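Participant: Sequence plus the predicted model coming up.
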Amino acid sequence: MTNPPPAPGSLPLDDLRVIDCSTLFAGPLAAMVLGDYGADVVKIEHPRRPDPSRTHGRSKNGIGLWWKMLGRNKKAVTLDLSSEAGADVLVRLAQTADVLIENFRPGTLERWGLSPERLLEANPRLVIVRVTGFGQFGPMSSRPGFGTLAESMSGFAAITGEPDGPPTLPPFGLADGIAALTVVGAALTAVHQRDRSGRGQVVDLAIIEPLLTLLGPQATVFDQLGEKQPRTGNRSVNNAPRNVYRTRDGRWLAVSTSAQSIAERVITLVGHPELVDEPWFASGETRVLHADLLDEYVGGWIAEHDELEVVKAFEEAEAAIAPVYDIEDVLDDPQYQALDSITTVEDEDFGPLRMQNVLYRLSETPGGIRHTGRPHGADTDTVLAELGLDADEIRALRDQGVLR
């Protein structure tokens, strides 16, 4: 489905201006989400060192494909923040903004004369979101930080993988993505408070923390019981059966039995209703102790049937099941198509281009994709002219190397 640009005035955040001074990946992704819902996002990049996401991952005709999504709904502006003239321009830009997102190592902005104190003096209503690997203070705060380190240090990798295998990292930016969504919430929380108090503030977000929260009650369990969650492969430590099982025609299906009623339906469907009356079957915690037996019964039954037979039987039994998809399956799935989860937008380089749609649907102001990622520095002159810089001043900054 082709996604037309949203109508002017129909976006819920169109009264916010966001300055995105961040790179790779939590900050830019957060700014993208805010832009999807109407925020006027000004993306700041170094004139000679663009955001690495422009060339990160796969490309076509020399043009990075990731940037087309990550840079969508943003104005592309170049500015050398390490120069005095560039810092002065950023201060002027900050005077027009509601939120500034940055992810330089602690102390970098201060070294460039762009401390939060200076920015807040220029605009007391500004919300400054500082995204770093380890936060603004503490013994590791000055170290370079990436999502991979957060996935390792949070405990995620330790519980991911097969029991007899190594700790396993995700093959995508999980920690960065979770941090990005946290940044969105943090920024809007601070803006809400600003609208009540009249004053902005600084948000300190360490990428190592949001994923830690999503890992559940591990800290509390260890504190109270001294237990550490082990690696269990595709099994759960909280319920069983829960795994991926292969069908007769070679497809993988995921089964979940988080609810007791679902567990009873599944085990009855696969031909072992007698287990429902076993005392140990009455809770997920005790079913986990019999996961080998449950996997044998569920996996054995699924292995004797083709995918369509299994899915139909589970649907009729009102039990939870889903196929293991690759991206081609996602694009072909009728549910995703109905939701327009992968939408089509017009791109100046590639024409019709498919990418993930906005994260959630609002009934009155649903958000949308106004344009894909713009060329490096494409909107610099327009944005600076809006600040009151004339053509001669812009030319002088360009001659100094402050702009691209």
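Facilitator: Nice, thanks for sending it over.

Participant: and the spatially closest residue to residue 257 that is not a sequence neighbour, which of the three is it?
Facilitator: Closest residue to residue 257 apart from its sequence neighbours, by C-beta to C-beta, 6 or more residues apart in numbering: residue 263 at 3.8 Å. C-betas here are computed from N, CA, C, even on glycine. Following DSSP: H, G, I helix; E, B strand; the rest coil, we place residue 263 in the helix state.

Participant: got the contact list for residue 263?
Facilitator: 239-241, 257, 281, 284, 287 (C-beta atoms under 8 Å, 6 or more residues apart in numbering).

Participant: Out of those residues, which sit inside helices?
Facilitator: The helices, defined by DSSP state H, take in 284, 287 from the contacts of residue 263.

Participant: Can you go through the contacts of residue 263 and name the buried ones?
Facilitator: Buried subset of the contacts of residue 263 (neighbour count, 16 or more other C-beta atoms under 10 Å): 239-241, 257, 281, 284, 287.

Participant: For residue 343, state which of those is nearest.
Facilitator: Set against residue 343, the nearest of the buried ones among the contacts of residue 263 by C-beta to C-beta is residue 257 (33.5 Å).

Participant: For the closest one, list the residues it contacts.
Facilitator: 239-242, 263, 266, 284, 287, 319-320.

Participant: Residue 254 versus the residue nearest to residue 257, what's the distance?
Facilitator: Counting by C-beta to C-beta, to the nearest Å, the gap between residue 263 and residue 254 amounts to 15 Å.

Participant: what do you get for residue 271?
Facilitator: From residue 271 across to residue 254, the span is 20 Å (C-beta to C-beta).

Participant: Which of the two has more residues huddled nearby?
Facilitator: Higher neighbour count among residue 271 and residue 254: residue 254, with 15 against 11, using other C-beta atoms under 10 Å.

Participant: Where does that one sit, in terms of helix or strand?
Facilitator: Assessed by DSSP states H and E, residue 254 sits inside strand 252-255.

Participant: who's in contact with that strand?
Facilitator: Residues from elsewhere that reach strand 252-255 (C-beta under 8 Å, 6+ apart): 234, 241-247, 266, 298, 302, 307, 310-311, 314, 319-324.

Participant: Just the ones of the residues you listed in helices?
Facilitator: 266, 298, 302, 307, 310-311, 314.

Participant: Filter the residues you listed down to the buried ones, PyMOL style.
Facilitator: The following PyMOL line selects those of those that are buried, judged by 16+ other C-beta under 10 Å:
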select buried, resi 266+298+302+307+310+311+314
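
Participant: Which pair in the ones in helices among the contacts of strand 252-255 has the greatest spatial separation?
Facilitator: Farthest apart among the ones in helices among the contacts of strand 252-255 by C-beta to C-beta are 266 and 307. That separation is 16.4 Å.

Participant: mind listing the strands in the stretch 1-150 of the chain by residue range?
Facilitator: Assigned strands in the stretch 1-150 of the chain, in chain order: 17-20, 40-45, 59-60, 63-64, 74-78, 99-102, 127-132 (criterion: DSSP state E, counting those that start in this stretch).

Participant: Same list (these) but as a markdown table, adding mean neighbour count and mean pLDDT.
Facilitator: Converted to a markdown table, the strands of the stretch 1-150 of the chain look like this (neighbours: other C-beta atoms under 10 Å; pLDDT from 0 to 100):
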| stretch | mean neighbour count | mean pLDDT |
| --- | --- | --- |
| strand 17-20 | 24 | 98 |
| strand 40-45 | 26 | 98 |
| strand 59-60 | 12 | 96 |
| strand 63-64 | 18 | 94 |
| strand 74-78 | 24 | 98 |
| strand 99-102 | 27 | 98 |
| strand 127-132 | 26 | 98 |
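
Participant: Make CSV out of these and add distance to residue 217.
Facilitator: What follows is those, written out as CSV (distance: least, C-beta to C-beta, whole Å):
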stretch, distance to residue 217
strand 17-20, 34
strand 40-45, 36
strand 59-60, 42
strand 63-64, 40
strand 74-78, 38
strand 99-102, 31
strand 127-132, 26
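
Participant: mind listing the strands for the stretch 151-300 of the chain?
Facilitator: Using DSSP E, counting those that start in this stretch, strands in the stretch 151-300 of the chain cover 202-206, 243-246, 252-255.

Participant: CA atoms only for the second one - export them in CSV, please.
Facilitator: What follows is strand 243-246, C-alpha atoms only, in CSV (Å, rounded to 0.1, in the frame of the first residue of the first chain):
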residue,chain,number,x,y,z
ASN,A,243,9.6,-23.6,21.8
VAL,A,244,9.9,-23.7,18.1
TYR,A,245,8.9,-27.0,16.4
ARG,A,246,9.4,-28.2,12.8
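
Participant: Report the buried residues of it.
Facilitator: The neighbour-count check on strand 243-246 (16+ other C-beta under 10 Å) flags 243-245 as buried.

Participant: Next: stretch 358-372.
Facilitator: In stretch 358-372, counting by 16+ other C-beta under 10 Å, buried: 358, 366-372.

Participant: How far does it stretch from one end to the other?
Facilitator: One end of stretch 358-372 to the other measures 13 Å (C-alpha to C-alpha, to the nearest Å).
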